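Student: Quick one: sequence plus predicted model below, questions after.
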Amino acid sequence: MNARRPAGAVPVMPRLILLRVLRLASLLAGVSVLAFVLVRNSPIDPIQAYIGADVDLTDEQLAKLRERWGLDRSPVEQYLAWAGTLLRGDFGTSTLYKAPVTDVMGARFGASLALMAVAWTLSGVLGYLLGAVAAMHRGRLADRVVSWYSYTLSATPAFWLGIVFLVVFSVWLGWFPVGLAGPQGVPAADVTFAQRLHHFVLPAITLSAVGVANIAMHTREKMTDVLNSDYVAFARARGETGAQIFKNHGFRNSVVPAVTLQFAYFAELFGGSVLAETVFSYPGLGSTLTEAALGGDVPLLLGIVLVSAVFVFTGNLIADVVNAAIDPRIRRRA
Amino acid sequence: MNTPILTVSELGVGFVQYAGGLRTRTVPGITGLDLEVREGEILAVLGASGSGKTLLAQAILGILPHNAHVTGEIRYRGERLTAARRRRTLGREISYIPQSVTNLDPLMPVGGQVRIGLDPKTAEQEQRRLFARYGLADEAARLYPFELSGGMLRRVLFATGVRDTVRLVIADEPTPGLHAEAVAEVLRHLRELAADGAAVLLITHDILSAVTVAERVAVMNGGRLVTVESASAFTGEGDGLGHPFARELWRALPQNRFSAGGVEWRW
C-alpha cells in the first residue's frame, strides 16, 4: 500500500475554494474595468440620462454638474472612485428608479431567481432523465422522440419559443395571462400566490424547455459511452440487471457532464431569462437590465452586470465542487 | 470422469452488416465450434487475435454486441443456457474474469465492486476474506481503481469472480503485460479455483501459460476450433501433437525450433 490519502479525507477542498475566491476577485476586477470602459465609450451621457431630455441647462450649470459628479477627472480616477464605492457596498443610485441600485436589484433578483431556479431544476432533472432514457433505448422510438425534441429546441431561440407559447396558450387557448407577474391594476402587495403562480408558468416553461434539450443531448452521449464501456460489459457478465447497472455504474459515471453543464448553464439561463422576461414583461432582473440599458441608467446597468458575473461564476464554482465530490479523480487533481 | 459443466456444440457467431443499401450480409466470427469443460478442469483456448476466442467468451456470457447472431447450442450443467438461466447463474455460478482493468468502474471504490452480487448481510466480511486471500490490504477496499497499481487491480478482478457458489470460471487473457512472477501468481489462482471444483475456461494467446496450467488446450484459428490437444503433448519437438497446426504453433516458439511455419491450413 502506498501512502495516498483515503478517499474520505479531502483537505484539497478548502484549497480549491480559496483558489476560486481569488479567481472571482480577479474576474470581478476584469469585468468592472471592461464594463466601465464600454460605458464610458458609449453614447450614454450620464448627466443627460439623469436630468432627462426636456430640461434645459446652461453650459455653466452642466460644467458644474460634471465637476460635482467627477466627470471632469481622468478615466482612471473615475474608475477608482467608482470601484472604491463598490467595495464599500455602495452601487450608487438608479437614475430610472431614483432608488439605491442595491434595492432595485434586490427586488428584481427575487423574481428572477424564482424563475431561474424552477427552470433550472426542471431542465436539469428532466433533461438528465430524457437523455438517460434515450441512451438506454438508443435507436428506438423513445430515443428518436427525445433526439427530435432536443435538436428542434436547440435550434429555437428562447424569445421565439416564448412568443409561440404566448400565442398558443394565452391568446388562442386563454389558459395563461399574457404577461406581468400579477393581474394588471392590482398593487403588488395584493397579488395572491395563485395569481403569481399563474403568471409564472409560461415564462418558467419557456426557459425550461430550451434548457432540457442541452442536458438531454449531452447526457445521451455520455450515457451511451458508459453503456458501451468495458465496465458495463463486465457488469452484464456478472449478471447485474439493467436497473442495477444504472444504480451501480450508470448514474455516477453519466451525471458528471450533466452537472457541469447544468451549473455552467447559469450563464445561458441568465441570458435566456433576459429574453423570456422581456417577452413576458415579467419584472425580473433580466427585463430590468434591458430597461437600464435602453434608459441610460448607468449605475443600475453596471450593477446588474457585476451581479450577473458573480451569478455565473457561482454556477461554475458549484459545478467544480460538485464534480470533485462525485469524481475522486478530479478531487485528486484539483 | 468428472461431469461436464459447459458444453458448446455447433456454435456459430456472425455479425450482421449493411452491405450497401438495405442488403445485409453476415460476417462470420465463429463457425461450428464444439467444446466441453469439465468439473475441476482447466481448458485453455489458445489463438491469435481475431481467432474468435473472446467472442466465444462473450457468446457464453450473453454479452455479444447487438448485431451479433448466434447459432448452435451452449449448455451449462446439462441445460441450455438461456437468457433466463443466465440471469440466475451469471455472477453466482458462472463468473467472468475479464482481460482489462478498464473493466472496473472508475468511480466506484474497488471494495464495493467486489461486493456486487454478494449477499448484502455477509458482503463486507466476504469481501475482506477475498482481499486477504489475494493479498490486498483492507484499506485498499476504499480506494478507487486509479489509485491502485495494475497488479493490484488484476487481483481485484479475481476477487470479483471468486464466489463459493462458482462452478464455471471464464478467464479472458488474464496474463498479458504481466511480468513472469505475476503471471505465475495468476495461474496459481486459476489452479486453486479448479482445485475447488470449478471448471475453468482460460482464454489466452500465451502458449506457455496455457500448457503449464491447463489439462487440455483447444487451438482456435479463423473462428474455428482447429484441435484440442492434451497439454502434456506440448513438449520437446511437439511430436505428440495430433494436429499439424498445433505442432507448427509449438515449433514456432523462440525457445523451440523458432520455425517460420507459413503453412496455410484449410478445412
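Tutor: Received it, and whenever you're ready, just let me know what you need.

Student: got the residues of the stretch 101-250 of chain B near chain A?
Tutor: Residues of the stretch 101-250 of chain B found near chain A (C-beta under 8 Å from any C-beta of the partner chain) are B:102-109, B:116-117, B:137, B:139-140, B:142-144, B:146-147, B:160. (Each C-beta comes from the backbone N, C-alpha and C, glycine too.)

Student: Repeat the analysis, applying 10 Å as the threshold.
Tutor: Residues of the stretch 101-250 of chain B found near chain A (C-beta under 10 Å from any C-beta of the partner chain) are B:101-109, B:112-113, B:116-117, B:136-149, B:152, B:157, B:160-161, B:170, B:172.

Student: Quick one: distance of the least confident helix or strand in chain B by mean pLDDT to the chain centre.
Tutor: Sorting the helices and strands of chain B by mean pLDDT, DSSP states H and E puts helix B:244-251 at the bottom, at a mean of 81. Its chain's C-alpha centre and that of helix B:244-251 lie 22 Å apart, by C-alpha atoms, centre = their mean, to the nearest Å.

Student: where exactly do the strands run in the stretch 51-200 of chain A?
Tutor: For the stretch 51-200 of chain A, applying DSSP state E, counting those that start in this stretch gives strands covering A:93-94, A:99-100.

Student: of all these, which lies closest to A:R73?
Tutor: Closest of those to A:R73 is strand A:93-94, at 19.4 Å (criterion: C-beta to C-beta).

Student: before we move on, the earlier item: in TSV: the strands of the stretch 51-200 of chain A, plus mean neighbour count.
Tutor: Formatted as TSV, those follow (neighbours: other C-beta atoms under 10 Å in any protein chain shown):
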stretch	mean neighbour count
strand A:93-94	20
strand A:99-100	14
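
Student: Next, format those as CSV and append mean pLDDT and distance to A:T290.
Tutor: Output for the strands of the stretch 51-200 of chain A, formatted as CSV (pLDDT from 0 to 100; distance: least, C-beta to C-beta, whole Å):
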stretch, mean pLDDT, distance to A:T290
strand A:93-94, 81, 14
strand A:99-100, 84, 18
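
Student: How many residues are close by whatever residue of the stretch 151-267 of chain B ends up closest to chain A?
Tutor: Residue of the stretch 151-267 of chain B nearest chain A, by C-beta to the nearest C-beta: B:T160 (7.0 Å). For B:T160, the count of nearby residues is 25 (other C-beta atoms under 10 Å in any protein chain shown).

Student: What sits closest to it if chain neighbours are left out?
Tutor: Using C-beta to C-beta, 6 or more residues apart in numbering or on different chains and skipping the chain neighbours, the partner closest in space to B:T160 is B:V114 (5.3 Å).

Student: who's in contact with the one you found?
Tutor: B:104, B:123, B:126-128, B:130-131, B:134, B:136, B:141, B:156-162 (C-beta atoms under 10 Å, 6 or more residues apart in numbering or on different chains).

Student: wait, doesn't B:V8 sit right on B:G72?
Tutor: Yes: with contact defined as C-beta atoms under 10 Å, B:V8 counts as touching B:G72 (7.3 Å).

Student: More neighbours: which of these two?
Tutor: Taking other C-beta under 10 Å, B:V8 and B:G72 do not tie; B:V8 has more neighbours (22 against 16).

Student: Sheet partners, orientation included, of the strand or helix carrying the more buried one?
Tutor: Taking DSSP states H and E as the definition, B:V8 sits inside strand B:4-18. Strand pairing for strand B:4-18, determined by DSSP bridges: strand B:24-38 (antiparallel), strand B:68-76 (antiparallel).

Student: Just the mean pLDDT for it, thanks.
Tutor: Averaged across strand B:4-18, pLDDT comes to 88.

Student: Would you mind writing the CA trace of that strand as PDB?
Tutor: Provided in PDB are the C-alpha atoms of strand B:4-18 (Å, rounded to 0.1, in the frame of the first residue of the first chain):
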ATOM      1  CA  PRO B   4     -19.200 -31.700 -17.900                       C
ATOM      2  CA  ILE B   5     -20.000 -28.200 -16.700                       C
ATOM      3  CA  LEU B   6     -20.000 -26.400 -20.000                       C
ATOM      4  CA  THR B   7     -20.900 -28.000 -23.300                       C
ATOM      5  CA  VAL B   8     -20.700 -25.900 -26.500                       C
ATOM      6  CA  SER B   9     -22.000 -27.600 -29.700                       C
ATOM      7  CA  GLU B  10     -22.000 -26.300 -33.200                       C
ATOM      8  CA  LEU B  11     -21.600 -22.700 -32.000                       C
ATOM      9  CA  GLY B  12     -21.700 -20.100 -34.700                       C
ATOM     10  CA  VAL B  13     -21.400 -16.300 -34.200                       C
ATOM     11  CA  GLY B  14     -21.900 -14.000 -37.100                       C
ATOM     12  CA  PHE B  15     -22.200 -10.200 -37.400                       C
ATOM     13  CA  VAL B  16     -24.900  -8.700 -39.500                       C
ATOM     14  CA  GLN B  17     -23.600  -5.800 -41.500                       C
ATOM     15  CA  TYR B  18     -25.200  -3.500 -44.000                       C
END
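
Student: Can you mark which positions in that strand are buried?
Tutor: Buried positions in strand B:4-18, judged by neighbour count with 16 or more other C-beta atoms under 10 Å in any protein chain shown: B:P4, B:I5, B:L6, B:T7, B:V8, B:L11, B:G12, B:V13, B:G14, B:F15.

Student: Between those, which sits nearest chain A?
Tutor: If you rank these by distance to chain A using C-beta to the nearest C-beta, B:L6 comes first, at 14.7 Å.

Student: mind listing the helices for the stretch 101-250 of chain B?
Tutor: Assigned by DSSP state H, counting those that start in this stretch, the stretch 101-250 of chain B shows helices spanning B:110-115, B:123-133, B:150-161, B:180-195, B:207-213, B:244-251.

Student: Where does chain A get nearest to chain B, which residue?
Tutor: At 3.1 Å from chain B, A:G239 is the closest residue in chain A, using C-beta to the nearest C-beta.

Student: what residues are up against that residue?
Tutor: B:61-62, B:86-96, B:116-117.

Student: What remains of the residues of the stretch 101-250 of chain B next to chain A if I keep only buried residues?
Tutor: Buried by 16+ other C-beta under 10 Å: B:101, B:103-109, B:113, B:116-117, B:136, B:140-141, B:143-145, B:147-148, B:152, B:157, B:160-161, B:170, B:172, out of those.

Student: Any regions of the stretch 151-267 of chain B where pLDDT drops low?
Tutor: Residue ranges of the stretch 151-267 of chain B with pLDDT under 70: B:177, B:256-267.

Student: per-residue confidence for B:L104?
Tutor: 92.
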